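> Next one to model:
(2 chains, ligands or ions: 2)
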Amino acid sequence: MSEPAGLQSGTTAATVELEQLTKRYPGSPQPVVDNVTLTIRAGETAVLVGPSGCGKSTILKMINRLVEPTGGRVRVGGEDVGAMDPVGLRRRIGYVTRASGLFPHMTVAQNIALVPEMSGWPRARIRARVEEMLDLVGLDPVEFRDRHPRGLSGGQRQRVAVARALAADPPVLLMDEPFGAVDPVTRDHLQGELIRVQGELHKTIVFVTHDFDEAIRLGDRIAVLRERSHIAQYDTPESILTNPADDFVSGFAGGGAALKRLSLTRVREVDIAAYPTLTVDDPLQEIFNKLRASVTNEILLLDQRGRPYKWLRRGDLMRAKGSLARAGTLVNDTVPRDATLRDALEAVLTDSAGRVAVTGRRGEYAGVVDVETLMNTVHELLEADRLEAMETRHALEEMRATQTHAEQEGEGGGQMT
Amino acid sequence: MSFWEYLGDRHQQLLTDAGEQAGIVFLSMVMATLLGVLTGLVTCRSERAGSLATTASSAVLALPALAVIGLLVPVVGLGTAPTVIALTLFGLMPVMRSTVVGLRAVDPSLVEAATGIGMSRPMRLARVELPLAWPPILTAIRVSTRMLMGIAAIAAYASGPGLGKEIFRGLAFPDGENALNEVLAGTLGIIILTLLFDVVYVLVGRLTISGGIRAPGGTRV
Ligand SMILES: Nc1ncnc2c1ncn2[C@@H]1O[C@H](COP(=O)(O)OP(=O)(O)OP(=O)(O)O)[C@@H](O)[C@H]1O
Ligand SMILES: [Mg+2]
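Residues are numbered from 1 along each chain as shown, chains lettered A, B, ... in the order given. Ligands and ions are numbered 1, 2, ... in the order given. As a prediction, the model looks like this:
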């Protein structure tokens, strides 16, 4: 998915490995986390989903040693965290929780500066870093630097919390329902921002959520957990949707796998139909000719800057007595190429004629999608997913077979990662 | 002699007494704060020690100040020593109590966040827990100071320094020419000193309590 080395100098995302990790609290007969083995590759986002109380937060806290395991171990970058100084370890692992955890008596800048300060960075570098982090999470440094957390909205607080967690450039980021306490619109926005930030930084992220849609959107891989954190399935979002391991997983994923699949693909990844287009400056005669020649009965008129402007049907011009200004219907909705197919479907369904113009970065015309394109695409995607999942399963079985074979040969077979 | 004439006549003495009173209350309060915060820090960790500290605090405050001073005299003698000891003892109780209560009231999720981002224990205490518990502690210091002003006056009974001397002189010879003036001057002096201390505390609050947690309109009592 992404290279292990981060973009910042000196930073590498680190692998996080849970090995037979177990936590049993004193006084309770059952372990809360029971023998969990899971490898999160460097630079990937792994999302843990599962029912409330299944031990997700406990797993995160065992990674940064806020909770000590009673069995098994955690390795970060190959090193056993149990053997590290917990304070130093935590400075190299970002931690964001639902409650933001910003210190109310410190300003935004002071909060963000904490870990670099503790790590002994020089002042000037810390100052620059604070600005950089605020920029990264989409907050204007001049406006927000000196504000206190109580003057921020819930969404802004979570942004600052992310900035603080990333300030010392840790290779690993733990996020425990970071967007669980903000309203759905803000959450949607923050998810988008996290995707953008992760696209720049390539950290190893372990993300806990209750929200399966959030898991699909953010995860390179999703671990669906049962009670006591038993792993029901650990796989890519695509495979979990199209090839759930069992009823528990499909129950968790909820219905509408096909619809959810739409959120995983962007408009730019599918074939967008080219539509006959003309610009408003073209002579009327040419417009007439093109309309007559068009198989779709319709052409898209672009404005001077190449942006979708009007839908024009045969006869529209006639009815408007040759006046371009009055003919046709204005384009009132477009989708950017970076939008998900789900967004596109939404737009297509609300459009009276069942089609919507796709635009590029500057709003310029890029194509048109309609219901038919979307339907065909989904069918193709689901089919491809199914094939791929079958192949992986096959490969996995083969690998297991070789491994067992090797073990039978005599010496443990070595670590397979 | 009218009250104004009395003031004009004795202002030198009155100012000295007021200075002594302020000095002794300030000194005791500094010690009380140090000891109170320290014992609060030590005891708040354990459930039982913390409860013991708050209970002890209420119990000590219920003792009559005069009796405590009286008990100290045979041990440390007359004068300044029993006064300072008694004042410190009384003063530290509210501070200790509010330290325990204040530290316990710090949002556990913030304590976890502090640990989670890699603060060591002493650092967490110094940079997160104490600053967050500071407003109630400062309020307790302010309340303590008012209380000590009154107790310090009583200390004159054991030959302690301060404005209490004026009051006791007036009470000891109620038929004397200046009895009423003496009591009045002592009492007013104490009230003025108390108000001055209060002003100082408001300023201290402004300087030491972060705007992020200050109640709008300054610290309240
Ligand atoms: N300090 C503790 N002592 C005893 N039991 C605990 C402790 N902390 C957590 N537990 C128990 O461990 C279980 C798992 O807790 P955890 O917080 O990891 O669950 P979770 O999956 O994060 O749940 P949620 O989705 O509700 O946040 C719960 O049943 C909880 O009651
Ligand atoms: Mg949790």
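
> going forward, measure contacts and count neighbours with C-alpha atoms only.
Noted.

> Residues of chain A that sit close to ligand 1?
A:Tyr25, A:Val32, A:Ser52, A:Gly53, A:Cys54, A:Gly55, A:Lys56, A:Ser57, A:Thr58 (CA under 6 Å from any ligand atom).

> Check whether A:Phe103 really touches B:Leu110, as I assumed.
Yes: judged on CA atoms under 8 Å, A:Phe103 makes contact with B:Leu110 at a distance of 6.8 Å.

> more crowded one of the two?
Higher neighbour count among A:Phe103 and B:Leu110: A:Phe103, with 24 against 19, using other CA atoms under 10 Å in any protein chain shown.

> Could I get the buried residue list for the helix or strand harbouring B:Ile69?
Using DSSP states H and E, B:Ile69 falls within helix B:65-76. The neighbour-count check on helix B:65-76 (16 or more other CA atoms under 10 Å in any protein chain shown) flags B:Ala65, B:Val68, B:Ile69, B:Gly70, B:Leu72 as buried.

> do stretch A:235-254 as well
A:235-245, A:249-250, A:252-253.

> what do you get for stretch A:367-386?
In stretch A:367-386, counting by 16+ other CA under 10 Å, buried: A:Gly367, A:Val368, A:Val369, A:Asp370, A:Val371, A:Leu374, A:Thr377, A:Val378, A:Leu381, A:Leu382, A:Asp385, A:Arg386.

> Spell out the secondary structure type for the third one.
Here A:Val369 is strand, with the state taken from DSSP: H, G, I helix; E, B strand; the rest coil.

> residues contacting it?
A:Ile272, A:Ala273, A:Ala344, A:Val348, A:Arg355, A:Val356, A:Ala357, A:Val358 (CA atoms under 8 Å, 6 or more residues apart in numbering or on different chains).

> Quickly list the domain ranges of chain A.
A:5-262, A:269-373 (automatic domain parsing).

> longest single helix anywhere in chain B?
Counting by DSSP state H, the longest helix found in chain B is helix B:3-44.

> That one: how far from the chain's middle?
8 Å (CA atoms, centre = their mean, to the nearest Å).

> Quick one: name the residues of chain B near chain A.
B:109-110, B:113-120, B:128, B:131-132, B:209-213 (CA under 8 Å from any CA of the partner chain).

> Next step: the residues you listed restricted to helices.
B:Ser109, B:Leu110, B:Ala113, B:Ala114, B:Thr115, B:Gly116, B:Pro131, B:Leu132.

> which among those residues gets closest to B:Leu203?
The closest of those to B:Leu203 turns out to be B:Pro131 (CA to CA; 16.6 Å).

> That closest one: neighbour count?
For B:Pro131, using other CA under 10 Å, the count is 21.

> Also A:Arg393?
Neighbours of A:Arg393 using other CA under 10 Å come to 12.

> Against A:Thr242, how distant is it?
According to CA to CA, to the nearest Å, A:Arg393 stands 13 Å off from A:Thr242.

> quick one on the thing from earlier: could I get the domains of chain A as CSV with mean pLDDT and distance to B:Glu177?
Listed next are the domains of chain A as CSV, based on pLDDT from 0 to 100; distance: least, CA to CA, whole Å:
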stretch, mean pLDDT, distance to B:Glu177
domain A:5-262, 90, 57
domain A:269-373, 83, 95
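
> Determine which stretch of the ones you listed is the most buried.
The highest average neighbour count among these, using mean count of other CA atoms under 10 Å in any protein chain shown, belongs to domain A:5-262 at a mean of 20.

> can you pull out the strands in the stretch 151-300 of chain A?
Ranges of strands within the stretch 151-300 of chain A are A:172-176, A:204-209, A:221-225, A:231-235, A:277-279, A:298-302, based on DSSP state E, counting those that start in this stretch.

> Select, out of the ones you listed, the one closest to B:Thr39.
strand A:172-176 (36.0 Å).

> Contact partners for A:Arg268?
A:Arg268 is in contact with A:Arg337, A:Asp338, counting by CA under 8 Å, 6+ apart.

> and the stretch 51-200 of chain A, which of its residues are near chain B?
A:64, A:66, A:86-91, A:93-95, A:99, A:101-107, A:115, A:118, A:148-150, A:165.

> and of the buried residues of helix B:65-76, the nearest to chain A?
B:Ala65 (37.9 Å; CA to the nearest CA).

> Output the below-cut-off pLDDT ranges for chain B.
Low-confidence segments of chain B, defined by pLDDT under 70: B:216-221.

> run the last query once more with 80
Where chain B drops to pLDDT under 80, the residues are B:1, B:157-160, B:215-221.

> end-to-end on stretch A:24-35?
OK, stretch A:24-35 end separation, CA to CA: 11 Å.

> distance between that stretch and the chain's centre?
For stretch A:24-35, the distance to the chain centre is 32 Å (CA atoms, centre = their mean).

> Present the domains of chain A as a markdown table; the columns should include distance to B:Val25.
What follows is the domains of chain A, written out as a markdown table (distance: least, CA to CA, whole Å):
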| stretch | distance to B:Val25 |
| --- | --- |
| domain A:5-262 | 30 |
| domain A:269-373 | 70 |
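
> The stretch 151-300 of chain A: helices as residue ranges?
A:154-166, A:184-201, A:212-218, A:237-242, A:247-253, A:257-262, A:284-293 (DSSP state H, counting those that start in this stretch).

> Tell me which of these lies nearest to A:Ala406.
helix A:237-242 (28.6 Å).

> distance between that closest one and the chain's centre?
With CA atoms, centre = their mean, you get 15 Å for helix A:237-242.

> try stretch A:281-290
45 Å.

> what's the answer for stretch B:170-189, then?
With CA atoms, centre = their mean, you get 26 Å for stretch B:170-189.

> Send me it as CSV with only the CA atoms.
Provided in CSV are the C-alpha atoms of stretch B:170-189 (Å, rounded to 0.1, in the frame of the first residue of the first chain):
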residue,chain,number,x,y,z
GLY,B,170,-9.0,47.9,75.6
LEU,B,171,-10.8,44.8,76.9
ALA,B,172,-8.6,44.4,80.0
PHE,B,173,-9.3,48.0,81.2
PRO,B,174,-12.8,48.7,80.0
ASP,B,175,-13.0,51.8,82.2
GLY,B,176,-9.8,53.3,80.8
GLU,B,177,-10.0,56.5,78.9
ASN,B,178,-9.1,55.0,75.5
ALA,B,179,-10.7,51.5,76.0
LEU,B,180,-13.2,51.9,73.2
ASN,B,181,-10.7,53.6,70.9
GLU,B,182,-8.2,50.8,71.4
VAL,B,183,-10.7,48.0,70.6
LEU,B,184,-12.0,50.0,67.6
ALA,B,185,-8.6,50.7,66.2
GLY,B,186,-7.5,47.1,66.5
THR,B,187,-10.6,45.7,64.9
LEU,B,188,-10.6,48.2,62.0
GLY,B,189,-7.0,47.6,61.5
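
> Thanks again, I'm all set now.
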